[in-house]
Every structure is written in structure tokens, then in C-alpha cells.
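# Model the following, please.
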Amino acid sequence: MSDDLTPPPSPAKRPRDEFGRPLPDGTPTRLVLPDFDAMTMDEAHAEAIRLFDAGNYFGAHEAWETCWALSKDSHEEEFFKGLAQLGAGYTHWLRGNALGVVHLLDRALARIGLMGSPYGGVDIDAFIEQATEVRALAQRAIDRGEPLAVLPRRPVPLARD
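This is a model prediction of the structure:
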């Protein structure tokens, strides 16, 4: 046991690879993300959408996780928790973890439609359809014992005004 009383780095400060996996302390980070904690919920949500559209699903997960924390005990909590899980599910795809994709997207899909569609500037119905297709592809890979293919990258479907 170490006598060093320095607390471990927070998860946001810990060095990570480009897929969000933690790297050993002292290793240069390969994933630089904005300070989501300094953002309002609307700013973090907009940044999550931008990151998701860029294929940075871990960053989107982290931004939506901030929204989830900011919406604690509100009617939006489950919505943002679902979006955070959706970002995590897509992150597991990039990591090659089909079972993680299925489990996280199952949880996400049970939550993101709770507010109705559209919501938060997002066409939730279209996003559910998109995530359902990704989940089905992951399940098919599991059933066939095959690795995940390249993830079909599509942006967050935005609500039309």
C-alpha cells in the first residue's frame, strides 16, 4: 500500500486511447475532449451531437453523461441517461464488443423515446430506428460468430422545424 495520498485522476482527466479506453497513468492521452462540466446542459447536448456526428462516440457519451448529471431528479434524466448509453453502445462497436453494443443499446432504446419525438432538437423516432438497425447488426454478428463490420456512420437525425 502506498503512502501517497494523492487521489487518482478523475475519469475525465485520465489518459485514454481514441476509443475512450483508459491508458496507464503517465501515458499521453490520445483523446482530447472539451470540459463538459463547464458547459450548460444545452451546450453539452449540442457538443454531444457534434461529437456523435464526427464518429467520436465516447466523447458523445461523456457529453450526454454530463447532461444526465445536470438533469438528475428531473423529467429529462432518463432521456439523457439513454443518450449516454447509446453513445457507449456505439463506442463498444468501435472496440469490437458486439455483446456490449447489444446490452447498451437495449438499455438506451428503452429510455430515449420516453420524452416523445421530436425532443431536444432530435428526431427521436428516426434515432431509435437507426440505433435499432445497429443493434440488429451487432446481434447478427454474435449469432454468426463473426466480428463486427465497419460501423455504418450516420449523423444524429435532427428534428425539422
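
# give the contact list for the closest residue to Thr132 other than its chain neighbours.
Nearest non-adjacent residue to Thr132, counting by Cβ to Cβ, 6 or more residues apart in numbering: Leu109, 6.6 Å away. All C-beta atoms are positioned from the backbone trio N, CA, C, and that covers glycine. Residues near Leu109 by Cβ atoms under 8 Å, 6 or more residues apart in numbering: 82, 86, 128, 131-132, 135.

# what distance separates stretch 62-77 from the middle of the whole chain?
With Cα atoms, centre = their mean, to the nearest Å as the basis, stretch 62-77 stands 13 Å off its chain's centre.

# correction: stretch 145-161
With Cα atoms, centre = their mean, you get 13 Å for stretch 145-161.

# Tell me which residue is most central in the chain.
Per Cα atoms, centre = their mean, the C-alpha nearest to the average position across the chain is that of Gly87, at 1.8 Å.

# That one belongs to a strand, doesn't it?
No. In this structure, Gly87 is helix, not part of a strand, as judged by DSSP: H, G, I helix; E, B strand; the rest coil.

# For burial, what's the neighbour tally of the closest residue to it other than its chain neighbours?
Using Cβ to Cβ, 6+ apart and skipping the chain neighbours, the partner closest in space to Gly87 is His61 (3.1 Å). His61 has 25 neighbours, counted by other Cβ atoms under 10 Å.
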